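A.B. asks: Mind folding the following:
(chains A and B)
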Amino acid sequence: MRNVKEERQGILVLKNNVIFLDGAMGTMLQQASLAPGEAPELYQMRHPEVIEAIQASYVAAGSEIIYTNTFGANAHKLKDSGYGVEQVIIQAVQIAKRAAQTKAKVALSIGPIGELLQPNGYLSFEEAYTIFSQQVCAGKKAGVDLVVFETMSDLLEVKAAVLAAQENCDLPIFVTMSFEADGRTFTGCSAQSFALVADALHVDALGINCSLGPKELYSVAETIRSFTNLPMIIKANAGLPDPQSGAYDVDEKTYAKQLMNYAQLGVCYVGGCCGTTPAYIKALKEVYPKEVQVFHQHIETHICSATKVLALKDVHVIGERINPTGNKQMKLALQHHNYHEILQIALAQEEAGASILDVNVGLPGIDEKTCMVQVIKELQSVVDIPLQIDSTDVHVIEAALRVYSGIPIVNSINAEQETMKKILPLIQKYGACVVALTMDERGILEDASERVAIGKHILEVAKTYGIRKERIFLDCLTLTVSAQQKGAMETLKALSMIRDELHVLSVLGVSNISFGLPNRIILNQNFLTMALQAGLNLPIINPNQEAMMNAVRSFRVLTCLDVDAQAYIEASVVSDSSSTLTSSIMDIKQAIVKGLKEESKALTIQLLKEKEPMRIVDEDLIPALDEVGNAYEAKKLYLPQLLNAASAAQMAFAQIRIHLQAKGEENISKGKILLATVKGDVHDIGKNIVKVVLENYGYQVFDLGKDVPIEKVVETAIKESIYLIGLSALMTTTLPAMEATIKALHDASHDCKVMVGGAVVSASYAQSIHADFYAKDAKQSADIAKKVLG
Amino acid sequence: MRKVLKTIDQKEVLSYLQYQGDDVNIQKDIKEGIEAILQVATPRRVYKKYVLVNGQPQDCMFQLVGKDIQEVLVSSTHCILMAATLGNQVDVLLRKMQVKDMGKAFIYDACANAAIEQVMDDLQEEIAQKLKLENKFCGDRFSCGYGDLPIHLQGAFLKELNTQKQIGLSCNEASILLPNKSITALLGVSNQPQPALIKGCSACMLYAQCQRRKAGNPCVKE
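C.D. replies: Numbering: from 1, shown residues only, chains lettered A, B, ... in the order given. Have a look, this model is predicted:
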C-alpha cells in the first residue's frame, strides 16, 4: 500500500531532524508601522516589501520553515475587507517564497476562523470545513510546501481544518493549539485529547504555540508527548506580556535556554510566537541540538471526547439506552426530533457510571444520516464521556465520524468481506476504534474456537489497512439461552480465548441472553458477572439498572481494579441517600408543591395502582401546579420554587407516561406548542423554563432550541400542524429576527397564534410586531396556552 | 490568573434569583451551584488604559458614540476598557443543568451571574488601587448597550482588547458574548473622586428593563 504520509513528510527532509521555524510576525509588524487593530493580512496588501523584509530576516537568522502572513486570511475575517481569500493568500505565498529563496520551506499559516463553532458558537462544522478548504486550495495553488494550523482552541475546529487539508491537498499538515497553564485550551480541550485526536487523524507534526512562555508550557508538552510518538512543534511566546505596554519579559538568550528542555521530549520543530524576533531564532539555533530522539514508546489504546480521555485496559461500561429498538420513548423522541429527551437519557447513563455511550438512531422512516449527525452534535454539547457510533450504514458511520470531535468507537463491522472493505478504510482515516462481530457470511458459528478464528481473521485484514489490533474490540456475540442454551458457555469460552490467545479487548451486548424468559434482570446480572470473569472488557448494558451496575462494581472490587473499594463505597453512599424519602405519608400534591422530585415519583407509582392516569393528571398534578402558579403570582413563592415544583411534576408525568406506554395507550397531550429562541440569540434559559412549565400542563412541546432559522420555525409549524408558537429573545439586537419570524409565519398563511417573551420584550413591542400574545413569564405562557388550546 | 474567583456571594445569588424565601432546598441548591461554578470556572480578565481627547480614547480602533457615555466621562482624563469571562466550561455546565434539572439550572445560572460580576468588581477594585497610587480615581462601570452607547460596538471593543487571543472571549453578529458568562465595561479615570453613576432607580438608564427594580430589590437604595 502506498504510504502517503511518508511521501508527504519527504517534502520536509532536511539535513538534520531538528528544523528551525520562524518567530512572530505581529510583533515585528508592530515595530514597523502596523496601526492598532489593523489586520496584518491587509497591511501586507499595501506593504508587501515590509513583510518580505521581516521574513527574509528570519531566513537570515536560520529559520528553515517560514510561515506565510495569512493567519487570518479566511472568508469570515476578510468578509468586508474588499479582498478575496485567494488574492491575499497568493500574494502572501509569493512574498514568502521570495524571502525564502532556496534556503527555507514555506508553510501556509491558518489560524482559527474567528467565529466559534457550535455548540459554543454559531458556525457549523460544515461551514468551517468549507472556509478551511478555500484557504488550503489557495495555498496549494500558490505552491506552499506545507500547511500549518496554529493557535487553535477548539478540537472540532481542528478536525474540520485537518480534514479540509487532507481532502484538498497532499501536503504535510502541522497543527498547534494554544494551551493555558492548566493544560486546557480556552474551550476546555485537554492536551491529552488534542494529542490523541491529531495523531489519530494522521497529521505530520503537532504541538503548541502562543499563550505562554516556554517555562509555563513545558508540562503541557510533556503531556502531549506521553500520548503520541509524532514529531512535535513548539512556538512559545517570549514569556508573559505586561498588561499595559504589551512588552514580553523573556529575552532571547533566556528563551533559547528555556526551550532547550524541549529537546528531551524529542521536539524537533522549534521557533517562537508573540514577542519573539529573528534574534530569538538566532539564539535558539546556537544552543538547540541538531538531532533529537525519535520516540517509539508504547501508548495504550484510548478513546476520548474533547474534554475526557479514557484508557481502555480493564472494564468499562457502554451505555445502551440511546437506541430505538424496542423502546417506544426513544422512537418518539427521534421521530419528533426531541433531542432534549435523548440528552436526558445520555446524562442519566453518564451519572449512573457509564464510561461510553452507544448511539443508535436506526429507525424505519427516518433519515438516519441526518439524524445521527444531529444527535452526535447535541450529545457532544453536554456529554463528557466518549461515544460509540452504532450503525451498519457506511454513509451514516462516515457522517458521524466527521462531526464527532473526539476518538469514538464504531459499532460495528463483521468478517464479511464487503463490510470490511467499506468500513475499515474509514476506521483508518478517522483513527477510530471498532467493534468487530465474530461472524461472517455463514452467520454465527456455534463453536467458540470458530468464532475466535473469525476474530483473528478480522485482525489480520485490519492490519493490511494499517489498523493495529489494539483498536479492534471483538464481540463474540450473546445467544439467547431460551433458544440455544449451550450457547452461553460457548460465548464465555470465546471471551477467554480472545483475552488469552488474541490479546485484544472484548465487547458484548449482555441482555440478549435472557430474551423470552421471566425475571430477565436476574439472568442478565449473573451472565454479566460470568462474562466479566471470562475476560469481558466492555459490556454493553443499561447502566440505569442498578443490578447490572452492582455486578460491574462488585467485580471491580473483587478483582482489585477498584483499589480500596473506593468507587464501590462512593456509589453505595449515593444510592442510600437517594432512597430516603422525607415523609411516607405526604400526598402527591404536597410533594409537587414542595418540589420534592423523588417523592413525587414514588407517590405517582403508588397512585397509579389505584387511580386512572388521566384522573391523576386532572385531580392531582394540574391542581398542584395551579396552586404553585397562583402562589408565584401572589409572590408567596419564587421562581426557583416554581421550577422545582415543575421538575417534581415532570417526574410524576414521566411515570404516567411509562405506565401508559406499557399498556400501549397514547400519551396525554392537550395540544402541540412550538418553542424557539430566535435566530442570532443563544440565551435560552427563559425559553427552557417556559418549556418545563408547559409540558407539565400536558402540552406537547416541539422545542427547536436556540438560534433557530426563520424557515425552520415555519416549516415545523406547518409540517407538524402546530397552532401555537412561542418565540423568545433576550437581546435588543435579536428582536428584528423575532419580528421577521412572525412575518414569515403570517406570509406562509399558517393559521396560528404567536406568543412572545424575553427580557427585552414588552407588551407594546409584542403588539407592534403583530404577536398575538405577550407572556411576561412562564406561568402566563401556560395561561395563554390554556386560552388557545384548552 | 486562575484563582481570581475565590468565592461567590450568596446574597448576590439571591438577588439574581429575586428570591426572598427561606426554603432549605433552595439554600442547598445555591450552595451546590456556587461550588459547581467555582469548580469549572476559569476566570480571565484583560484591561487597557487610554488617554481621552475630546471624550475619545486615543490610539483606539473605535470611537465612543452617544451622549450618555460623554456624561459619564465628563471629568475624566483617561478611560479604561475592561473585559472578563468565566470561560467556556461554565456555559457547558449550564447547558448540562438545563437538560438535567431546570430548577437547579436557574439557580446555577444566577450563581454564574453573581460570579462574573464578582470577577469584574475585583478587577475594578484592583485598578482603583493602582490608580490611587497615581492620585487618580475611577467611576462606575458602563457597558455597550447601556443608554445610547450602542451594543454593536461590542465587536470592535473586543477586537481592541484582543480578547479572543488574550482570554478566549468573542461575540457573534448580534453582539452576544461568547462564552455567555462574560462582561465588558468602560471606566472613566479622573483626578478627583467621581460621584456614583447610579444615583437611584429614577435616574438609571436601565430603569425600564431592570429586573431587580421590578422585584423590589434595587441595587442602590434611594
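A.B. asks: C-alpha only now, for contacts and for neighbours.
C.D. replies: Will do.
A.B. asks: What count of nearby residues applies to the residue of chain B found nearest chain A?
C.D. replies: Closest approach between chain B and chain A, counting by C-alpha to the nearest C-alpha: residue B:103, at 4.5 Å. By other C-alpha atoms under 10 Å in any protein chain shown, the residues close to residue B:103 number 25.
A.B. asks: wait, isn't it in contact with residue A:640?
C.D. replies: Yes - the criterion here is C-alpha atoms under 8 Å, and residue B:103 meets it with residue A:640 at 5.7 Å.
A.B. asks: biggest helix in chain B by residues?
C.D. replies: Assignment by DSSP state H gives helix B:102-133 as the longest helix of chain B.
A.B. asks: Now do the contacts for the residue found closest to residue B:189 once you drop the neighbours it is linked to in the chain.
C.D. replies: If the residues on either side of it in the chain are set aside, residue B:189 comes closest to residue B:138, at 4.5 Å by C-alpha to C-alpha, 6 or more residues apart in numbering or on different chains. Contact partners of residue B:138, counting by C-alpha atoms under 8 Å, 6 or more residues apart in numbering or on different chains, are B:128, B:131, B:187, B:188, B:189, B:190, B:193, B:194.
A.B. asks: Run through the bridge partners of the third one.
C.D. replies: Judged by DSSP bridges, the bridge partners of residue B:187 are residue B:80.
A.B. asks: neighbours around it, how many?
C.D. replies: Residues near residue B:187, counting by other C-alpha under 10 Å: 23.
A.B. asks: Please name the residues that touch it.
C.D. replies: Residue B:187 makes contacts with B:79, B:80, B:81, B:82, B:138, B:139, B:140, B:141, B:142, as judged by C-alpha under 8 Å, 6+ apart.
A.B. asks: So residue B:186 is in contact with residue B:79, correct?
C.D. replies: Yes - Residue B:186 lies in contact with residue B:79 (C-alpha under 8 Å); the separation is 6.9 Å.
A.B. asks: which residues are in contact with both of these two?
C.D. replies: By C-alpha under 8 Å, 6+ apart, no residue touches both residue B:186 and residue B:79.
A.B. asks: residue nearest the centroid of the chain?
C.D. replies: If you meant another chain, say so; for now it's chain A. In chain A, the residue lying closest to the centroid (C-alpha atoms, centre = their mean) is residue A:380, at 3.0 Å.
A.B. asks: oops, chain B please
C.D. replies: With distances taken as C-alpha atoms, centre = their mean, the residue of chain B nearest its centroid is residue B:183 (4.1 Å).
A.B. asks: shouldn't that one be in contact with residue B:86?
C.D. replies: No - using C-alpha under 8 Å, residue B:183 is not in contact with residue B:86, being 9.3 Å away.
A.B. asks: residue ranges with poor pLDDT in the stretch 601-750 of chain A?
C.D. replies: Applying pLDDT under 70 to the stretch 601-750 of chain A flags the ranges A:665-668.
A.B. asks: For it, which segments are assigned as strands?
C.D. replies: Secondary structure of the stretch 601-750 of chain A by DSSP state E, counting those that start in this stretch: the strands cover A:672-677, A:700-703, A:724-728.
A.B. asks: and if you look at chain B?
C.D. replies: B:44-53, B:56-57, B:76-85, B:137-138, B:170-171, B:177-178, B:182-190 (DSSP state E).
A.B. asks: neighbouring strands for the second one, and are they parallel or not?
C.D. replies: So that's strand B:56-57. Strand B:56-57 has its sheet partners listed here by DSSP bridges as strand B:44-53 (antiparallel).
A.B. asks: From residue B:22, how far out is residue A:634?
C.D. replies: Residue A:634 sits 17 Å away from residue B:22, going by C-alpha to C-alpha, to the nearest Å.
A.B. asks: Poorly predicted segments of chain B, please.
C.D. replies: B:1-3, B:197-200, B:202-212, B:214-217, B:219-222.
A.B. asks: Where do the strands of the stretch 251-400 of chain A begin and end?
C.D. replies: Secondary structure of the stretch 251-400 of chain A by DSSP E, counting those that start in this stretch: the strands cover A:267-272, A:302-304, A:309-311, A:318-322, A:356-359, A:387-390.
A.B. asks: most packed of the ones you listed?
C.D. replies: strand A:267-272 (a mean of 28; mean count of other C-alpha atoms under 10 Å in any protein chain shown).
A.B. asks: What helices and strands are in contact with that strand?
C.D. replies: For strand A:267-272, the elements it packs on are strand A:19-20, strand A:232-236, helix A:278-287, judged by 3 or more C-alpha pairs under 8 Å, 6 or more residues apart in numbering or on different chains; DSSP states H and E.
A.B. asks: ok, now with 6 Å
C.D. replies: strand A:19-20, strand A:232-236 (3 or more C-alpha pairs under 6 Å, 6 or more residues apart in numbering or on different chains; DSSP states H and E).
A.B. asks: Just checking: what are the partner strands of it?
C.D. replies: For strand A:267-272, the paired strands and their directions (DSSP bridges) are strand A:19-20 (parallel), strand A:232-236 (parallel).
A.B. asks: Could I get the buried residue list for the helix or strand that the shortest one is followed by?
C.D. replies: I take that to be strand A:19-20. Of the helices and strands lying after strand A:19-20 in sequence (DSSP states H and E), the nearest is helix A:26-31. The neighbour-count check on helix A:26-31 (16 or more other C-alpha atoms under 10 Å in any protein chain shown) flags A:26, A:27, A:28, A:29 as buried.
A.B. asks: If anything else comes up later, I'll come back, but that's it for now.
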